[in-house]
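Trainee: dropping the sequence and predicted coords here.
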Amino acid sequence: MTNKLNVNRRNFLQAAGATAAVSWTAKSYANILGANDRLRIGFIGVGGMGSGHVAAINSLKEKNNLEPVAVADCWTTRAESAAKTLNAPNAYQDFRKVLDHKDIDYVTVATPEHQHSKMTVAALKSGKAVYCEKPMTHTIPQALEVIAAQKETGLPVQVGVQAMSDDSYSSAAKAIEEGVLGQVVQAQIEYVRRYGEQGPWRVPGLKDDEAQPKDLDWKAWLGDAPKTDWNPHHYHEWRNYRAYSGGICTDLFIHRITRIMKACKLLYPRRVVGMGGIWQWPDGRDLPDNFEMICEYPRGMTVYVLGTMSNRVGIDHVIRGYRGTMYFTGTGWVAKDKDDKVLAEHTKTGGEDIHLHHTNLQNHIRNGEELNCPVDLGLAGVVAVNMANESWRTGQMMAWDRENKKMVPAHTQEQNFYPEEV
């Protein structure tokens, strides 16, 4: 059965012209695969979040009829360990060897941010669906490359904003569309933590002179990032450095801003301000340790995101409208008017769960179930957080140039201060 499935898929790709413009819908993919056929999975990057994917697929193997096939990590020891855990027959240092497997249906990409686009595009062009960790890419141009590859191949990409597998936000969107809140004008949300003395994303006890593992390909890990000698802090603590990450914005805010985007049906902000600094841990990092952002959207609303890493006291997650306010809770949401009268409420199903997010992708491949976090939503998140980081870096408000699909200084763009129709 395995060989027959592989031949069928290869023939389909060739017949459809997968290297040209292809419209490979979930339905057509499901027709080839068969709703009850086993899904074969490859893994690219199995440290940190990657180990979470390993654990999730391991726990879903029997229930969801999955077969781990191959694992790649630039640190060979790590790849071999994950392959052993998964009982996968193949472990590699070079991620391209995973993509050479014609029998793999989808791959996970769980590397540092700066490698996401390269690996996702390569996987799509090799005929594989992708579960790509958040943020979808490191930069906006890279996100546009992923969008182009996804449209060209028609293959699904699930972006790893796992809270999108909580139906609170899709149900909120329906309620807002039906007018429960009236005209929506503002939303606020946060991601706050209180780190210890070493600060965000530092590894306790990590020494400056820690040796490079002999079986770690440092050049491959760097990829297209600026070339530099082995640095244990860059490798183990990469979220603190702009060459590999966007820090608080891309690692944390992406989880929060995407929730509001889905609930309010937002895509690209009109203008964005990012503010913060390296205030508490000036230890060589070049990304803020405390941060805030405000996004203004064309529908006529602003979104505020708080991100202190020095204090864990949060703020309510709310969406404000003329008729009422929607409060997100641990069990769903409730909308109330100015007199505290309940206008509507929702008890959630699902949750911020990697198992549910993988299962959603698997159901999409098998039977066309709608993806919870597709590439268009992934791109919108990348645009917002990159604009915020650029605002902080340059000290100016950034605007979105819709025609040229890029961020520009806001003072160079004529602003329309009237809301556009949603």
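Mentor: Sure, I can see it. These numbers were taken from a predicted model, which means no experiment stands behind them.

Trainee: how about the helices of the stretch 101-250 of the chain, start to end?
Mentor: Using DSSP state H, counting those that start in this stretch, the helices of the stretch 101-250 of the chain run over 116-125, 140-153, 168-177, 218-222, 232-236.

Trainee: which residues are in contact with the residue positioned nearest the centre of the chain?
Mentor: Geometric centre of the chain, nearest residue: Lys134, 2.1 Å, by C-alpha atoms, centre = their mean. Shown in contact with Lys134 (C-beta atoms under 8 Å, 6 or more residues apart in numbering): Val159, Gly160, Val161, Thr250, Asp251, Ile254, His255, Thr258, Gly378, Gly381. The C-beta positions use only the backbone N, C-alpha and C, and glycine is treated the same way.

Trainee: how near is it to Gly42?
Mentor: 19 Å (C-beta to C-beta, to the nearest Å).

Trainee: same check, this time on Gly50
Mentor: 12 Å.

Trainee: what do you get for Glu369?
Mentor: Taking C-beta to C-beta, one finds Glu369 at 22 Å from Gly42.

Trainee: and these two? Which one has more around it.
Mentor: Neighbours per residue (other C-beta atoms under 10 Å) separate Glu369 from Gly42, with Gly42 holding more: 29 against 15.

Trainee: contacts only, for that one.
Mentor: 68-72, 98-99, 101, 104, 106-108, 128.

Trainee: can you tell me the helix or strand for the nearest residue in space to Ala83 that is not next to it in sequence?
Mentor: Residue nearest to Ala83 in three dimensions, not counting chain neighbours: Ala91, with 3.9 Å by C-beta to C-beta, 6 or more residues apart in numbering. Assigned by DSSP states H and E, Ala91 belongs to strand 90-92.

Trainee: just checking, what packs against that strand?
Mentor: In terms of contacts (3 or more C-beta pairs under 8 Å, 6 or more residues apart in numbering; DSSP states H and E), strand 90-92 is packed against strand 66-72, helix 76-86, helix 95-99.

Trainee: tell me which of those sits nearest to Pro226.
Mentor: Evaluated over those, closeness to Pro226 peaks at helix 95-99, with 20.4 Å, by C-beta to C-beta.

Trainee: if you count neighbours, what's buried in the closest one?
Mentor: Phe95, Val98, Leu99 (16 or more other C-beta atoms under 10 Å).

Trainee: likewise stretch 257-273?
Mentor: 257-264, 266-273.

Trainee: for the residue of the chain most remote from its centre, which three-state class applies?
Mentor: The centre of the chain is farthest from one residue, Asp339, which by C-alpha atoms, centre = their mean lies 38.0 Å away. Put simply, Asp339 is coil when judged by DSSP: H, G, I helix; E, B strand; the rest coil.

Trainee: check contacts around the nearest residue to Asp217 once chain neighbours are set aside.
Mentor: Spatial nearest neighbour of Asp217, chain neighbours left out: Cys74 (4.5 Å); criterion: C-beta to C-beta, 6+ apart. Contacts for Cys74 (C-beta under 8 Å, 6+ apart) come out as Gln93, Leu216, Asp217, Trp218, Ala220, Trp221.

Trainee: may I have the phi/psi pair for the residue lying closest to the last one once chain neighbours are set aside?
Mentor: Pointing back at Trp221 there. Distances taken as C-beta to C-beta, 6+ apart place Cys74 nearest to Trp221, at 4.6 Å, with adjacent residues excluded. The phi/psi pair for Cys74 (degrees, to the nearest 10) reads phi -70, psi -20.

Trainee: wait, doesn't Asp217 sit right on Gln93?
Mentor: Yes. Asp217 is within contact range of Gln93, at 5.6 Å (criterion: C-beta atoms under 8 Å).
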